[in-house]
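1. Show me how the following folds:
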Amino acid sequence: MINQLEKLLKQKDINPTAMRLLVLDYFLKQETAISLSDLETDFDYSDRTTLFRTLKTFEKKGLLHSIKDGNITVYALCTDNCSEEFHADSHIHFCCSSCKKVFCLSKVKAPDVEIPSNFKLEKLDIIAHGLCADCIK
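-> Next up, the predicted model:
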(Lines give C-alpha, C1' and ligand atoms only; values in the text may rest on other atoms or scores of the structure.)
Protein backbone atom coordinates (compact mmCIF):
# COMPACT_ATOMS: atom_id res chain seq x y z
CA MET A 1 0.00 0.00 0.00
CA ILE A 2 2.80 2.42 0.91
CA ASN A 3 4.43 1.85 -2.49
CA GLN A 4 1.16 2.79 -4.24
CA LEU A 5 0.87 5.96 -2.14
CA GLU A 6 4.49 6.88 -2.84
CA LYS A 7 3.94 6.28 -6.55
CA LEU A 8 0.87 8.53 -6.58
CA LEU A 9 2.73 11.34 -4.82
CA LYS A 10 5.74 11.02 -7.13
CA GLN A 11 3.45 11.15 -10.18
CA LYS A 12 2.35 14.59 -8.94
CA ASP A 13 5.96 15.60 -8.24
CA ILE A 14 5.40 15.56 -4.47
CA ASN A 15 8.13 14.35 -2.14
CA PRO A 16 6.62 11.36 -0.25
CA THR A 17 7.28 12.27 3.39
CA ALA A 18 5.74 10.20 6.18
CA MET A 19 3.11 12.88 6.92
CA ARG A 20 2.15 13.27 3.26
CA LEU A 21 1.71 9.52 2.94
CA LEU A 22 -0.55 9.48 6.01
CA VAL A 23 -2.64 12.41 4.76
CA LEU A 24 -3.01 10.90 1.29
CA ASP A 25 -4.06 7.56 2.79
CA TYR A 26 -6.62 9.42 4.94
CA PHE A 27 -8.10 11.22 1.92
CA LEU A 28 -8.34 8.00 -0.07
CA LYS A 29 -10.57 6.57 2.67
CA GLN A 30 -12.98 9.55 2.75
CA GLU A 31 -16.35 9.68 1.02
CA THR A 32 -16.81 13.41 1.54
CA ALA A 33 -14.67 16.53 1.40
CA ILE A 34 -12.96 17.40 4.68
CA SER A 35 -11.80 20.57 6.37
CA LEU A 36 -8.47 21.32 8.01
CA SER A 37 -10.26 21.07 11.38
CA ASP A 38 -11.56 17.59 10.51
CA LEU A 39 -8.07 16.51 9.53
CA GLU A 40 -6.56 18.03 12.66
CA THR A 41 -9.07 16.15 14.87
CA ASP A 42 -8.08 12.82 13.33
CA PHE A 43 -4.33 13.56 13.38
CA ASP A 44 -3.61 13.99 17.09
CA TYR A 45 0.10 13.53 16.51
CA SER A 46 0.54 16.43 14.07
CA ASP A 47 0.31 20.17 14.27
CA ARG A 48 -2.10 22.39 12.32
CA THR A 49 0.67 24.14 10.37
CA THR A 50 2.11 20.89 8.99
CA LEU A 51 -1.34 19.67 7.98
CA PHE A 52 -2.19 23.01 6.34
CA ARG A 53 1.06 23.01 4.37
CA THR A 54 0.39 19.44 3.26
CA LEU A 55 -3.09 20.39 2.03
CA LYS A 56 -1.74 23.42 0.17
CA THR A 57 1.05 21.36 -1.45
CA PHE A 58 -1.47 18.72 -2.55
CA GLU A 59 -3.76 21.42 -3.94
CA LYS A 60 -0.96 23.21 -5.78
CA LYS A 61 0.23 19.97 -7.38
CA GLY A 62 -3.26 18.92 -8.55
CA LEU A 63 -3.87 16.15 -6.02
CA LEU A 64 -6.62 17.95 -4.06
CA HIS A 65 -9.10 20.68 -4.88
CA SER A 66 -10.65 23.10 -2.43
CA ILE A 67 -14.31 23.96 -2.10
CA LYS A 68 -15.29 27.17 -0.32
CA ASP A 69 -18.75 27.41 1.13
CA GLY A 70 -19.00 30.66 3.01
CA ASN A 71 -16.20 30.83 5.55
CA ILE A 72 -15.44 27.11 5.45
CA THR A 73 -12.95 25.52 3.08
CA VAL A 74 -13.00 21.78 2.54
CA TYR A 75 -10.73 19.61 0.42
CA ALA A 76 -11.34 16.57 -1.78
CA LEU A 77 -9.21 14.43 -4.06
CA CYS A 78 -8.92 15.62 -7.64
CA THR A 79 -9.62 13.58 -10.71
CA ASP A 80 -6.68 11.80 -12.33
CA ASN A 81 -6.35 14.43 -15.04
CA CYS A 82 -5.70 17.38 -12.73
CA SER A 83 -2.22 18.83 -12.71
CA GLU A 84 -0.23 21.69 -11.27
CA GLU A 85 -1.12 23.80 -14.29
CA PHE A 86 -4.80 22.89 -14.55
CA HIS A 87 -7.52 21.60 -12.25
CA ALA A 88 -10.15 19.67 -14.23
CA ASP A 89 -12.64 19.41 -11.38
CA SER A 90 -15.60 20.95 -13.17
CA HIS A 91 -18.29 19.12 -11.26
CA ILE A 92 -21.01 20.13 -8.83
CA HIS A 93 -20.41 20.02 -5.09
CA PHE A 94 -23.31 19.22 -2.80
CA CYS A 95 -23.46 20.57 0.76
CA CYS A 96 -25.94 18.89 3.09
CA SER A 97 -27.77 21.52 5.10
CA SER A 98 -28.34 19.04 7.94
CA CYS A 99 -25.03 17.18 8.52
CA LYS A 100 -22.87 19.83 6.75
CA LYS A 101 -20.94 17.21 4.75
CA VAL A 102 -19.75 18.25 1.29
CA PHE A 103 -19.87 15.70 -1.52
CA CYS A 104 -18.20 15.83 -4.93
CA LEU A 105 -20.81 14.89 -7.51
CA SER A 106 -18.23 13.89 -10.12
CA LYS A 107 -20.80 12.61 -12.58
CA VAL A 108 -22.74 15.89 -12.53
CA LYS A 109 -20.79 18.30 -14.71
CA ALA A 110 -20.89 22.03 -14.15
CA PRO A 111 -22.80 23.87 -16.87
CA ASP A 112 -20.93 25.90 -19.47
CA VAL A 113 -20.85 29.54 -18.46
CA GLU A 114 -20.27 32.29 -20.98
CA ILE A 115 -17.95 34.93 -19.56
CA PRO A 116 -17.49 38.34 -21.25
CA SER A 117 -14.32 38.47 -23.34
CA ASN A 118 -12.70 41.06 -21.09
CA PHE A 119 -12.67 38.51 -18.21
CA LYS A 120 -10.61 35.36 -17.79
CA LEU A 121 -12.31 32.46 -16.02
CA GLU A 122 -9.86 30.47 -13.90
CA LYS A 123 -12.18 28.40 -11.76
CA LEU A 124 -15.92 27.80 -11.55
CA ASP A 125 -17.38 26.69 -8.21
CA ILE A 126 -20.97 25.52 -8.04
CA ILE A 127 -22.31 24.35 -4.70
CA ALA A 128 -25.78 22.86 -4.43
CA HIS A 129 -27.44 22.81 -1.01
CA GLY A 130 -30.02 20.34 0.28
CA LEU A 131 -30.23 17.05 2.15
CA CYS A 132 -27.89 14.13 1.51
CA ALA A 133 -29.18 10.57 1.18
CA ASP A 134 -28.39 9.74 4.82
CA CYS A 135 -30.18 12.80 6.19
CA ILE A 136 -33.27 12.21 4.06
CA LYS A 137 -33.77 8.81 5.76
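
2. now the strands for this protein?
-> Counting by DSSP state E, the chain has strands at residues 34-35, 64-69, 72-77, 91-96, 102-109, 127-130.

3. would you turn those strands into a markdown table with mean pLDDT, distance to residue 137 and mean neighbour count?
-> Heads up, the C-betas are built off the backbone N, CA and C, glycines and all. Output for the strands of the chain, formatted as a markdown table (pLDDT from 0 to 100; distance: least, C-beta to C-beta, whole Å; neighbours: other C-beta atoms under 10 Å):
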| stretch | mean pLDDT | distance to residue 137 | mean neighbour count |
| --- | --- | --- | --- |
| strand 34-35 | 94 | 22 | 18 |
| strand 64-69 | 88 | 23 | 19 |
| strand 72-77 | 92 | 23 | 19 |
| strand 91-96 | 90 | 12 | 20 |
| strand 102-109 | 86 | 16 | 15 |
| strand 127-130 | 92 | 14 | 11 |
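
4. and the longest helix for this structure?
-> helix 48-60 (DSSP state H).

5. Flag every buried residue along that one.
-> 51, 54, 55, 57, 58, 59 (16 or more other C-beta atoms under 10 Å).

6. Just give me the closest of those residues to residue 12.
-> residue 58 (7.9 Å; C-beta to C-beta).

7. about what we covered before: who's in contact with the longest helix of the chain?
-> Residues outside helix 48-60 that contact it (C-beta atoms under 8 Å, 6 or more residues apart in numbering): 12, 14, 19-20, 23-24, 36, 39-40, 43, 64-66, 75, 84.
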